[in-house]
Structures are given as structure tokens and as C-alpha cells.
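[1] Turn this into a structure:
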Amino acid sequence: MSNRNGMPIWYELLSTNPDASTTFYEHVIGWTIGAKPSGDFDYRTIAVGDSGVAGLMHLTRGMAADGAKATWLFYIGVDDVDATVAAITEKGGTVIKPAWDMPGVGRMAFVTDPQGNPFYVMTSASNGTSTAFDRFGMGKCNWNELVTSDHATGDAFYADVFGWTYPGRMTMPGDMGDYVFVSVGDVGIGATMHASGDAAPGWRFYFRTPDIDATVAKVGEAGGKVLMGPHDVPGGDRIILATDSHGVVFGAVGPG
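    Take a look at the predicted model:
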């Protein structure tokens, strides 16, 4: 894809029950999620209008037995998957699944940072531009947030491997430390923060909805739970952190 090296280009939900996840997220976020495809591989496209923004993959018993768990993940676009994987291991990350090619899709690898937070790296076979991440796009991921057990080491890792920069920070209350903003070039994509209190380490993704108060109600209606918020954030939006009907953490952002 034509996206800059280091930009998020795709999001993916691993679910033990894709039908139930479809019902939940179509109600809460407003997505359109494709039907179960024929064959054994259950991978469905999550769309906003005509634009695919994420995937929904069935987490099978075999995958769970190998250590996979229900979660949200993202793909970081890179110019060279193999060179990036080498840099990841050199800087203390690990490889969960070595690089492989998917015809018509691209080359990718499943990896972790030095603190064990998983993500994909990918070189797409498409010449187009991914809009899965869009800072203010409705229904799209607007913000990527890393909660990490080693803030300084984690930030250094992503800077070294992907060229991310950290143009500013905001001091948070108590022992939470700084909320460090992340940019790829001149595009702000999210932030990193130290894992404190009950905050579980890992990547969190915030998807835009038209009304955050309505989203709170829909989370409860669909069998999820709001963990945090709504909270005001700079720029006039409000955010929540929640779990879906299977306990998978996700975020929502919007006016309210």
C-alpha cells in the first residue's frame, strides 16, 4: 500500500463466536460485517459503507490450544516485512509466526514487542491506500493506545523499528505517569502509557461513533460492560473503554 512505513493499515478481532461478535459490534459501532464464508476458514470483513476497515476471524479451539486468545489486534504497514522482523528481534521483540505470503493480500508476520504485546507487520499486495485508521473517520479506528509494563523501553522499540516519534506528553494523575503522544511523520496515531493499577498491558483501539452516550447504552444492551468513562478528551470528544459480550476490550470515541 501507499501508506507511510509504520502506519496502522488494518485491524482484526479474534472471536470464539463470530456470529455473536457480529451482532454486538453491528449494534454498538454500527459496522456492516460480512456473512460467514464457505469453507473452513471463517474470516469476515468489517466495513464502514463500502470501505473495509477490519477483519473478524474465528478463534478456533486449535488456535486457543496454541496460546491465541480473543482480542483486538492491528497490522502495522512496512516496506519490507523480513527486514522489519529482523529489526524486531534485534531490539528485543519476538516472532510468534514467521513471515508468510497470502496471495493477493500481502506478506505478513505476527510478532510482539519486548514487553510481549502482540501485533502484525505487513506489506500489502495492494497499490491502494488503507483508510482503516482515520483520525476522525466515523466507524474507523481514530486512536491506537499502548499500555505497557516498561514505558521507556517500549517507546524506544517502536521508534527504532518503525521510526515513530513522540511529539508531546501529558502528565496524568497519581502514579499513572505520562501519556505520550505518537506520530508517524506528521500524523498523530495514538499514545503510549505505563500500565498501572488495574490497567492490563496491551494495545487498545478506539473506534468512532456518532454519540458516546448512546454507545454506552448500546454496550449494555448488547451484553458488554463499560470499564471507564465517558471521559472528556482534548478536542471536544469523549471516550469509553469497554468489553464486548465476550470480554474483549475495545474503545469508543465520539461526541456526547
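[2] Could you use CA atoms for every contact and neighbour count after this?
    Will do.
[3] hey, C-alpha coordinates of stretch 22-35 in PDB?
    Extracted C-alpha coordinates of stretch 22-35, given in PDB (Å, rounded to 0.1, in the frame of the first residue of the first chain):
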ATOM      1  CA  THR A  22     -21.200  -9.600  14.600                       C
ATOM      2  CA  THR A  23     -24.400  -8.900  16.500                       C
ATOM      3  CA  PHE A  24     -22.600  -7.000  19.200                       C
ATOM      4  CA  TYR A  25     -20.400  -4.700  17.000                       C
ATOM      5  CA  GLU A  26     -23.100  -4.000  14.400                       C
ATOM      6  CA  HIS A  27     -25.300  -2.800  17.200                       C
ATOM      7  CA  VAL A  28     -22.700  -0.800  19.200                       C
ATOM      8  CA  ILE A  29     -20.400   0.600  16.500                       C
ATOM      9  CA  GLY A  30     -22.700   0.500  13.500                       C
ATOM     10  CA  TRP A  31     -20.500  -1.700  11.300                       C
ATOM     11  CA  THR A  32     -21.600  -4.000   8.500                       C
ATOM     12  CA  ILE A  33     -19.900  -7.400   8.900                       C
ATOM     13  CA  GLY A  34     -19.900  -9.900   6.100                       C
ATOM     14  CA  ALA A  35     -21.500 -13.300   6.400                       C
END
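[4] for it, what is the average pLDDT?
    For stretch 22-35, mean pLDDT is 97.
[5] List the buried residues in it.
    If you call a residue buried by 16 or more other C-alpha atoms under 10 Å, then stretch 22-35 has these buried ones: 22-25, 27-33.
[6] Just these: which are in strands?
    In this view, the buried residues of stretch 22-35 that belong to strands under DSSP state E are 32-33.
[7] how about CSV for the buried residues of stretch 22-35, with distance to residue 135 added?
    Formatted as CSV, these follow (distance: C-alpha to C-alpha, whole Å):
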residue, distance to residue 135
22, 24
23, 25
24, 23
25, 20
27, 22
28, 19
29, 16
30, 18
31, 17
32, 20
33, 22
